[in-house]
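Asker: With the sequence up front, the predicted model follows.
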Amino acid sequence: MDPVTKALNELHRRISGLTDGEVASYIPKLAQADPDDFGIAITSMGGRRYQAGKADTEFTIQSVSKPFVYALALTDLGPDEMLRRVGAEPSGEAFNAISLEPVTGRPANPMVNAGAIATTALVAAADPEARSARILDCLSAFAGRRLGYDEEVYASEAASGDRNRALAYLMRSAGSLTDDAYAVTATYFRQCSVLVTAADLAVMAATLANGGRNPVTGERVVERSVAVRTLAVMATCGMYDGAGEWLLNVGLPAKSGVAGGLIAASPGRFGVAVYSPPLDREGNSVRGVAALTAMSERLTLHLMHAPVHLTATVTDTGHGARSSRTRSPEQTALLNRSRQRIIAVGAQGELEFTETEQLLGAVEGAVPATPGWLVLDLMAVTGIRPGSAAMLAAGLADIAQRGHRIVVAAQEPFLAAADGHPDWQAFTSRDDAVAWCEDRLLAGEAPLAPSAPSAPS
């Protein structure tokens, strides 16, 4: 099991014990959700996907649809006209509050219900059916697969949606909504009833984090400028009247939904999603908030901590690493014949989540099935976050279990990390590390025997 999935499983076990919150009941069908359902999923910028728990359980997207429909309307109208029609200021109020400007009736932002209804009406289409089809196409492109509807939830929302219709009629009377109020809310209810999984939402969030390009399918869904504005609105308004505290504690653009979905985007790193139906008083998933708070702290994901990365993390990968040591012709011939046995992977810069994941991906791609020696050259690494260090150690431990010998070359400040890993051989230069591997190979030593997999706990 890869280290990211291991970390997610551990986080899932810790957070599963939380029993606070209540399942949403104002939409009758949502009250039937299982409060014990809990799944976490991550999609990286490289398109790699990780999950734990019930990440493949389907539920309705609800308000998590709002940023993606906003991105669609923003693409249609452009930033100036979009801002003229729907504001971008945090309301500091509940998701279903009457947050309209006096006189103009302009809603405060597209993340509260009034603003989301107005945004839905701004999606260009000839009629309500065509508008629903465009919205479903957009959400599907973000998810990287064709999505569908939960017709029962749609019917339940339509039967209990008087407050949302009232908001639409208020905007209609003020002139900020020009379409038929009843038809627009019907389209909005259908948008909220789209079925997704936490795994889908992680891909959708990752698409925004990746500047509008889906990292799994490679499709450009929206332009980078649209993704940037969408993330900005999510950061300030996505968590309703808990948005300020969320930005202080977690520091990531996010959006929640009353069915228990919660997404967050770490720009340039990954998208993450949680599904857990019990909600706090602000209407946000209790376990979702706890999981993402812990993840942000562990991996130092807060936006205000984000460094600027100007260089590639992985500097080289490959077989046949050789030292500068003088060898006899016979020894040189043996080393040449055994070039697949010694692999060297180099890295540079600061290792955070994305960089560590890239490094582990490069290592996995270079390590052969037959046990050998892995030289991990960290001489040019300038720093590593605690969570990333644990992630790297877990990945190397998995490789060591398969019989490979781990040899690390690093600067003195980082060699202390090797003290807690007796199976690692540590050196202060790459040349010394490779030479040690060559000496072992020439002496006829075999690498470590593969370990039997541990029993699941």
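Answerer: Everything's here; your move. Residues are numbered from 1 along each chain as shown.
Asker: Quick one: residues contacting A55.
Answerer: Neighbouring residues of A55 by C-beta atoms under 8 Å, 6 or more residues apart in numbering: 39-41, 197-199, 202, 273, 275. Every residue, glycine included, has its C-beta placed from N, CA and C.
Asker: Please tabulate those in TSV, including the columns neighbour count, pLDDT and secondary structure.
Answerer: As requested, these are arranged in TSV below (neighbours: other C-beta atoms under 10 Å; pLDDT from 0 to 100; DSSP: H, G, I helix; E, B strand; the rest coil):
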residue	neighbour count	pLDDT	secondary structure
G39	26	98	strand
I40	30	98	strand
A41	27	97	strand
T197	23	98	coil
A198	31	98	helix
A199	24	98	helix
A202	30	98	helix
A273	31	98	strand
Y275	32	98	strand
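Asker: Low-confidence bits of the chain, can you list those?
Answerer: Within the chain, the stretches falling below the threshold (pLDDT under 70) are 92-94, 96, 306-310, 413, 415-420, 448-457.
Asker: how about the strands in it?
Answerer: Per DSSP state E, the chain carries strands over the ranges 39-44, 49-53, 59-60, 148-149, 194-196, 254-256, 261-266, 270-275, 314-319, 342-351, 373-384, 405-410, 424-427.
Asker: Name the nearest residue to A125, ignoring sequence neighbours.
Answerer: Setting aside the residues directly before and after it, A125 is nearest to R131 in space (C-beta to C-beta, 6 or more residues apart in numbering), at 3.6 Å.
Asker: Verify the stated contact: that neighbour with T119.
Answerer: No: counting by C-beta atoms under 8 Å, R131 stays clear of T119, with 11.4 Å between them.
Asker: domain assignment for this protein?
Answerer: 3-305, 314-442 (automatic domain parsing).
Asker: Mean neighbour count, the ones you listed: which tops it?
Answerer: With neighbours defined by mean count of other C-beta atoms under 10 Å, none of these is more surrounded on average than domain 3-305, at a mean of 21.
Asker: gap between the two ends of that domain?
Answerer: One end of domain 3-305 sits 23 Å from the other (C-alpha to C-alpha, to the nearest Å).
Asker: So what's the gap between it and the chain middle?
Answerer: Here the centre of domain 3-305 is set off from its chain's centre by 14 Å, with C-alpha atoms, centre = their mean, to the nearest Å.
Asker: still on that earlier bit, residues contacting the residue nearest to A125?
Answerer: Remark: with contacts taken as C-beta under 8 Å, 6+ apart, R131 is in contact with 120, 123, 125, 187.
Asker: Repeat the analysis, applying 6 Å as the threshold.
Answerer: Contacts were defined as C-beta atoms under 6 Å, 6 or more residues apart in numbering; by that measure R131 touches 123, 125, 187.
Asker: Dihedrals phi and psi, the second one?
Answerer: With angles defined as degrees, to the nearest 10, A125 sits at phi -170, psi 160.
Asker: Now do it against C138, distance only.
Answerer: Counting by C-beta to C-beta, to the nearest Å, the separation of A125 from C138 is 11 Å.
Asker: repeat for T230
Answerer: From T230 over to C138 (counting by C-beta to C-beta), the distance is 12 Å.
Asker: Contacts only, for the closest residue to S429 other than its chain neighbours.
Answerer: Leaving aside its sequence neighbours, S429 sits nearest to A409 (C-beta to C-beta, 6+ apart; 6.0 Å). Neighbour list for A409: 377, 379, 427, 429-430, 433 [criterion: C-beta under 6 Å, 6+ apart].
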